[in-house]
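Q: Starting from these lines, generate the structure:
(one chain, ligands or ions: 1)
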Amino acid sequence: MTTTSNRNISTSTVRSSFLPFLAGIAFGIASSILYTRVICSRNQKSSSSSSSLWLQPPSTLPRFAQEILSNHHHTNTEKISNDDSNGESTNASSPNTALSSENWTEVRLREWEDLNWRDANGWQGRDLCHNPQGLGVRILHYYYKASSKEMVGVVWFGPHAESHRGLCHGGAMTSLMDDFCGHLAFLHSTSGQPWSGATVQVNVSLKKPVKVGSILRIIGRIDKHEGRKIYVHATLDDGGGDNNGGSSIDGEEQNKDPLVYATLEGLSIDGVKMSQHEDPVSKRTWEVEVCEHSGRLQRRDSGWKLL
Ligand SMILES: CCCCCCCC/C=C\CCCCCCCC(=O)SCCNC(=O)CCNC(=O)[C@H](O)C(C)(C)COP(=O)(O)OP(=O)(O)OC[C@H]1O[C@@H](n2cnc3c(N)ncnc32)[C@H](O)[C@@H]1OP(=O)(O)O
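A: As a prediction, this is how the structure comes out:
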């Protein structure tokens, strides 16, 4: 009898001390599940929204960029030559007014777009300014006009160009200027050889901080060609609209004076053979033709015809 009652007492004591313990464990598990679900989903939401915002340029480009793109429809084919006419008008107007002309050609290099081809043909990595997956500074489009030796580009400053909080590194702007100077010089090069030339001076004046995520315009021209020296002037600006990743759609914004972020005085040397490959890739030529998809005139390298 005594034994039974002792057992009953001890069982009920165990139960009464275990129940709160079990309840505590259950509560703990439930709260940690709840915490994980709520907090993680919140984190996932914020990280997925930031990645969709930052990992690609915005799908709607600012007005100036849309205008640059829409002004380059063309229906004629023409054969490339290294003289300045190229069947294009000889209007030596300022870069801004020249944008209304149809005689700009989009510049396309296979090594910027076809990464498998790039890897198979001796490149070791990705282009600093033209990597289609790049998150630093990325040139989305370049247009060249041989008659006036001008070029214009649409540029995206991605999340990996950041320096000060929310603002881009001056080196991102300078890399862009280096690329612009090199391309303008090589497009105009007398040698006609691919990748034959080098930028030797990039004097960049940084005028305003660029926000991460901005889409800006780079526009410039060859000022002087003295022997092998090609002098380039360029401006990085907002194209006359809102620079914050998308311009205002109303017409007033469009007519504002462009906000200048940086200017370049650059020098490239024509005909320098920087890399010593001797293969069909190094013997490419520029070709100007209408793109079968967009109907737009393009200046692209003949490497598109190589396997
Ligand atoms: C065809 C279609 C198919 C498609 C093909 C694609 C085409 C590609 C198109 C687009 C791609 C564009 C990609 C652009 C990428 C951006 C550009 C870069 O990143 S380039 C890499 C960074 N730059 C360097 O690494 C240079 C380093 N420097 C050097 O290696 C040497 O300085 C070199 C080889 C350039 C010197 O060349 P020397 O020896 O042939 O020439 P010397 O005689 O020294 O100079 C010639 C003239 O230039 C002046 N000069 C040279 N360097 C100078 C400097 N730093 N400042 C001022 N003047 C300089 C000299 O005083 C001389 O002038 P005086 O003729 O005597 O009046």
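
Q: OK, contacts around residue 230?
A: Taking CB atoms under 8 Å, 6 or more residues apart in numbering, we find residue 230 in contact with 184, 185, 188, 189, 197, 222, 224, 267, 268, 269, 270. (Glycine included, C-beta is placed from N, CA and C.)

Q: Now it: phi and psi?
A: Dihedral angles of residue 230 (phi, psi; degrees, to the nearest 10) stand at phi -120, psi 120.

Q: thinking again about what came up before, inside strands: which ones of the contacts of residue 230?
A: 197, 222, 224, 267, 268, 269, 270 (DSSP state E).

Q: Also near the ligand: which of these, exactly?
A: Contacts with the ligand within the ones in strands among the contacts of residue 230, counted by CB under 6 Å from any ligand atom: 267, 269.

Q: got the residues of the stretch 51-200 of the chain near the ligand?
A: So far as CB under 6 Å from any ligand atom goes, the stretch 51-200 of the chain lies against the ligand at 109, 178, 179, 182, 183, 186, 194, 195, 198, 199, 200.

Q: PyMOL command to pick out the buried ones of those?
A: A single PyMOL command selects the buried members of those (16 or more other CB atoms under 10 Å):
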select buried, resi 109+178+179+182+183+186+194+195+198+199
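
Q: give me phi/psi at residue 130?
A: phi -130, psi 20.

Q: hang on, the earlier thing: dump the ones in strands among the contacts of residue 230 into a markdown table; add pLDDT as well.
A: Output for the ones in strands among the contacts of residue 230, formatted as a markdown table (pLDDT from 0 to 100):
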| residue | pLDDT |
| --- | --- |
| 197 | 85 |
| 222 | 96 |
| 224 | 94 |
| 267 | 97 |
| 268 | 94 |
| 269 | 92 |
| 270 | 90 |
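
Q: sorry, back to before: the residues of the stretch 51-200 of the chain next to the ligand in helices, which ones?
A: In this view, these that belong to helices under DSSP state H are 178, 179, 182, 183, 186.

Q: ok so, going back, from the residues of the stretch 51-200 of the chain next to the ligand, pick the one nearest residue 211.
A: residue 179 (20.5 Å; CB to CB).

Q: Now that closest one: closest residue in space that isn't a chain neighbour?
A: Spatially, and ignoring its direct neighbours in sequence, residue 179 is nearest to residue 129 (4.5 Å; CB to CB, 6 or more residues apart in numbering).

Q: and the one you found, what is it in contact with?
A: Residues in contact with residue 129 (CB under 8 Å, 6+ apart) are 136, 137, 138, 139, 175, 176, 179.

Q: Export the ones in helices among the residues of the stretch 51-200 of the chain next to the ligand as CSV, with columns for distance to residue 293 and pLDDT.
A: Below are those laid out as CSV (distance: CB to CB, whole Å; pLDDT from 0 to 100):
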residue, distance to residue 293, pLDDT
178, 31, 97
179, 25, 96
182, 27, 92
183, 23, 91
186, 25, 85
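
Q: returning to that earlier point: looking at the contacts of residue 129, state which has the most neighbours.
A: residue 176 (30 neighbours; other CB atoms under 10 Å).

Q: element containing that one?
A: According to DSSP states H and E, residue 176 maps onto helix 170-188.

Q: Give me the helices and strands touching that helix, please.
A: In terms of contacts (3 or more CB pairs under 8 Å, 6 or more residues apart in numbering; DSSP states H and E), helix 170-188 is packed against strand 137-145, strand 150-157, strand 196-206, strand 215-226, strand 229-237, strand 260-273.

Q: what about residue 164, neighbour count?
A: If you count neighbours by other CB under 10 Å, residue 164 ends up with 10.

Q: got it, and residue 165?
A: By other CB under 10 Å, neighbour count at residue 165 equals 6.

Q: follow-up on the earlier one: so the residue nearest to residue 179 belongs to a strand, correct?
A: No. Secondary structure of residue 129 (DSSP: H, G, I helix; E, B strand; the rest coil): coil, not part of a strand.

Q: Closest one of the residues of the stretch 51-200 of the chain next to the ligand to residue 155?
A: Ranked by distance to residue 155 (CB to CB), those are led by residue 179 at 9.7 Å.

Q: The closest one is in contact with residue 128, isn't it?
A: Yes. With contact defined as CB atoms under 8 Å, residue 179 counts as touching residue 128 (7.3 Å).

Q: before we move on, the earlier item: make a markdown table from the ones in helices among the residues of the stretch 51-200 of the chain next to the ligand and add distance to residue 238 to it.
A: Output for these, formatted as a markdown table (distance: CB to CB, whole Å):
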| residue | distance to residue 238 |
| --- | --- |
| 178 | 21 |
| 179 | 19 |
| 182 | 24 |
| 183 | 21 |
| 186 | 27 |
